[in-house]
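Engineer: predicted model, plus sequence, below.
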Amino acid sequence: MSEEKILVTAALPYANGPIHLGHLSGAYLPADIYVRYKRLKGSDIVFICGSDEHGVPITISADKEGIKPKQIIDRFHKINKEAFEKFGMSFDNYSRTSLPIHHDTGKEFFLEFYNRGILKEKKSLQFYDEKAKMFLPDRYVEGTCPNCGFEEARSDECENCGALYQPTELKNPKSKITGQAPVLKETSHWYFPLGSYQRRLEKYIIDMDEKYGWKENVLQYCRGWFRDGLEDRAVTRDLDWGIKVPIDSAEGKVLYVWFEAVLGYISSTKEWAKDKGDENLWKKYWQDVETKYVAFIGKDNVVFHCIVFPAMLMAWNDGDKDKYVLPQNVPANEFLNFEGKKFSKSRNWGIDVIDFLKLFPADPLRYTLAANLPESRDTDFYWKEFQLRNNSELADILGNFINRTLTFVQKHFDGKVPERKKIETIDKEMLDLISIYPEKVSKLFESYKIKDGVLEAMNLARAGNKYFNDSEPWKTIKTDKEKCGTTLGICLQAIYTLAGLMMPVIPFSAEKIFAMLNSEKTSWDELGGENLKPGHQLNTPEIIFPKIEDEIIEKQMEKLVRSDDLKKEEPELISINDFSRVQLRVAEIISAERLEKSQKLLKLKVKLEDEERQVIAGIAKSYNPENLVNKKVVMVANLKPAKLMGLESQGMILAVENEKGELNVLSVDSSVKNGTRVK
RNA sequence: GGCGGGGUAGCUCAGUAGGUCAGAGCAGUGGAAUCAUAAUCCACGUGUCGGGGGUUCGAAUCCCUCCCCCGCUACCA
C-alpha cells in the first residue's frame, strides 16, 4: 500500500450556464470525496478539471444576447469556478479550454492523427444558413418529415415516427436560427474511424472491469453502444468558434467539441505542471503506466469517456510518441432530480450551486448529497430531506456527540484529555470499533461506494452516542472519576477518528473539529489509534452544525410552488417591450370578395394610411363581402406574409369568436385615421 | 417509434455468483436516561419485493409476457 500515483479528472462543465446540484451529485462531489480520501491515504494524486468552452450552443447563447462567445464563457467560467470553490472542490487545477495551451493540445492530437493517415476526409451536403452565414448542425434545422408529415422533424431523423433519412429528403427545411430556408452546400470533414477500434475497446472495458470492477450501469451503457456498432465520427465542424483545424485547406473549420473537450484534462494538467514550475510534470501522471487514472462523470458522458476518449488515446499510443494511460475506472453516476422532477433551467426547476451556497454553508449540502448519491439509479433532492440530514444527522447525532463530550470534558476535566485507566469490556469494545472504522470506510471508498462510506462513517457517531449513554459518565463523575475519565478519553478518540473519516465529506466542519481538539489532522491510516495524548489541552467547544429552522425550508419550498404555478397558470407573462413588437393598426377595408374554392376565406384589400395591402381572412362564414367594405378594422401590420390558397396575405384582421362560432371583426369608429397604431 | 433506467416498508434508498434477502435510515408507537444543539439510547414492521406465467427442491434475485413511471433521442453531471 505504498504511494499510489493517481490522476483524477471530473467532467468539464459546459460554460454555457451555471452548474446546479445535479452536476455536483453526478460527478464532482464523489470525485472530491475520493480525492480528499486518497490524499489522507498519502497517495500522490492530482485532481483536474476545467470549463468546456467551445461548441455551437455557446455561440447561440452569445447571439441571443448580442454579445461575443468569449463574454459568455468568461461569465460562466467565473461563476462556476467560484461555485466550485465555495462548495469545497479541491481541484489542483481548474482550467479552461479556450486557453492556448489547450488549443495546442487539440491541434497536436489532430495533426498526429492526420499525419498518420488515421482520419478520413469525406464530403457531404450540409444545410447552410445564408443569412447567418453558417452551416447548421442537425438540431438547428427543422422541417416536414418525408415519411409521416410531422412538421417539427429534425434534418436527419423524425422524432414523431422515428424515420431516418438524408437531410436532402427533408421537406420545407427551416433554420432554427434565422427561420430562413437553408440551402444545401457541399462541405468536407475529417472523420475518426471509431468503428475500427471497437474490438479493442470491448476488450479494454472487459479487462478493466475484471481487474478493477466497473460499475454495472457504466458497462450497460457501453454494451448498448457496442451492440449498435461504432461508426466513424466527424472530428471537425464548420464553425468559427473553437480550435481552428490546423491545416491549410480547412479554412472556417474547427475541431468538433467532443474531440477536443476530453483533451482538456490533459491540457489542464499541463497548465498545472507549468504553474508548479516543471513543464514536464504532467507526463509523470499521463504518460506512466503506473498511474491509476480515474474519470468521474455523469451518465450522459459515458460514451465519451469509455469509448471515444480511450479510442483516441489508443490511436495516439499506436504511434511512436510517448504513450498515454487510459482510464482505469469511470465511476459514472446517474442523475439527481429535484423534488421529483428533472432539473430544468428553462422550466425554472431546481437550484444552482452558487445560489444554494448563498443560503446555506457547503457542508450540510455536501453531506446531504453524499448520503443520497445516484450511484445506481436516479435519486432526488428534497428540501425536507436536506433539513432532516442536517438537523437529525449532522446536528443531533454527530454534532451533539461532539458537543456533549467536549462540554463534559471542559466542565469536569478542565478541558484536558483524561487518562485512560482501567479498560473494561464496554471500553474495549468501543476502542475496537473505533480502530476498525478507517479500514471499513476505506474499503467502501476504494470501490467507489461513496454513499455507503459516508453513511458508515456516521454510524461511528451513533456508536459513540450509545457508548456515552451506556457508560453514564454523568453518574461516574460522582462515584468513580477515573472510570469517567476513561469513558471521556475514549469518546474524544472517537471524535478524532470521526473528524478524520468525515474530512473528505465535510472538510470545513472537520477542520473545525480538529481545531476544537487543538490538534492537527493525521493520515488516514493513523486514525483509530491513540491520536490524543492524556493531558492534551482542548479548545473551547462551539456548535458546529446549527439547526435549520422549518421556516427557512418552508420559504424555499414556497418558491417552488410559485414557480410551478407560474408556469402552469400564467405561462406567458410578456414585457411591454414584447407587446410593442406587435404592430396593431387601423385599416379600412376597400374591397372584399369570396374565394371560389374556399368556404372560409375572403380576399380583402385594405388601406393603411397611404399603403394598400392584400389580406386573406378566414371570416367568410360570418360576413358577406359587401358588408365589410368601408369598415375600419384592426389588423396586425407587421405579420410575416403567408400564402393561403396560393394568394399572399400581408397581415391579419383581428376578430373574436362567440359561442356559436360566429366571428366579429374588431372595428373602430370611422373617425379614426387609417394606419393609426393601436396601443 | 427507438434506446436506456426504474417500480422493495408511510418517506428516501440498500439488496444479482438464486437458498438467515425480506433490509437500513427517517417518520410513527412505547419505554429508559438527563452530560448535551429537547439533543441521546433501547424495543416494536402480517411489506402480495409492479401484475401474470415459467425454470428450480427453492427467486426480489434467471427466462417470457403484460402494466405503470421516468429519462434520452434539443445544450447539460
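Structural biologist: Noted; the coordinates are in hand. Numbering: from 1, shown residues only, chains lettered A, B, ... in the order given.
Engineer: residues in contact with the residue of the stretch 301-450 of chain A found nearest RNA strand B?
Structural biologist: As assessed by Cβ to the nearest atom of the strand, RNA strand B sits closest to A:G399 within the stretch 301-450 of chain A, at 2.2 Å. C-betas here are computed from N, CA, C, even on glycine. Counting by Cβ atoms under 8 Å, 6 or more residues apart in numbering, A:G399 touches A:I543, A:I544, A:F545.
Engineer: thinking A:K605 is in contact with A:I616, fair?
Structural biologist: No - using Cβ atoms under 8 Å, A:K605 is not in contact with A:I616; the gap is 11.0 Å.
Engineer: got the residues of the stretch 351-500 of chain A near RNA strand B?
Structural biologist: A:372, A:374-380, A:382, A:385, A:388, A:392-393, A:395-397, A:399-400, A:402-404, A:407-408, A:411, A:452, A:455, A:462, A:465-466, A:468-470, A:472-475 (Cβ under 7 Å from any atom of the strand).
Engineer: distance check, the closest residue to RNA strand B within chain A against A:N348.
Structural biologist: Nearest residue of chain A to RNA strand B: A:G298, at 1.6 Å (Cβ to the nearest atom of the strand). Note on A:G298: its distance to A:N348, by Cβ to Cβ, to the nearest Å, is 21 Å.
Engineer: looking at the two, which is more packed in?
Structural biologist: Between A:G298 and A:N348, counted using other Cβ atoms under 10 Å, the more crowded position is A:G298 (20 against 13).
Engineer: OK, contacts around that one?
Structural biologist: A:A11, A:G22, A:H23, A:G26, A:A27, A:A332, A:N333, A:E334, A:F335.
Engineer: okay, A:K605 and A:I616: which has more neighbours?
Structural biologist: Set side by side, A:K605 and A:I616 show more neighbours around A:I616, with 23 against 16, by other Cβ under 10 Å.
Engineer: and the nearest residue to A:L336 once chain neighbours are set aside, what does it touch?
Structural biologist: Counting by Cβ to Cβ, 6 or more residues apart in numbering, the nearest residue to A:L336 once its immediate chain neighbours are dropped is A:S25, at 3.7 Å. With Cβ under 8 Å, 6+ apart as the criterion, the residues that contact A:S25 are A:N333, A:F335, A:L336, A:L369, A:N372, A:L373, A:P374, A:T379, A:F381.
Engineer: now do A:D288
Structural biologist: A:K5, A:V325 are the contacts of A:D288 under Cβ under 8 Å, 6+ apart.
Engineer: by mean pLDDT, point me to the weakest helix or strand of chain A.
Structural biologist: Lowest on mean pLDDT, DSSP states H and E among the helices and strands of chain A sits helix A:576-580, with a mean of 57.
Engineer: still on that earlier bit, now, of the residues of the stretch 351-500 of chain A next to RNA strand B, which are buried?
Structural biologist: Buried subset of these (neighbour count, 16 or more other Cβ atoms under 10 Å): A:372, A:374-375, A:379, A:382, A:393, A:395, A:397, A:399-400, A:402-404, A:408, A:452, A:455, A:465, A:468, A:473.
Engineer: now, the residues of the stretch 351-500 of chain A next to RNA strand B that are in strands?
Structural biologist: Of the positions in these, A:T379, A:D380 sit in strands, assigned by DSSP state E.
Engineer: do you know the pLDDT at A:E596?
Structural biologist: We have a pLDDT of 59 for A:E596.
Engineer: what domains does the record give for chain A?
Structural biologist: Chain A resolves into domains spanning A:5-117+A:193-333, A:120-192, A:362-526, A:576-678 when parsed by automatic domain parsing.
Engineer: understood, closing this out.
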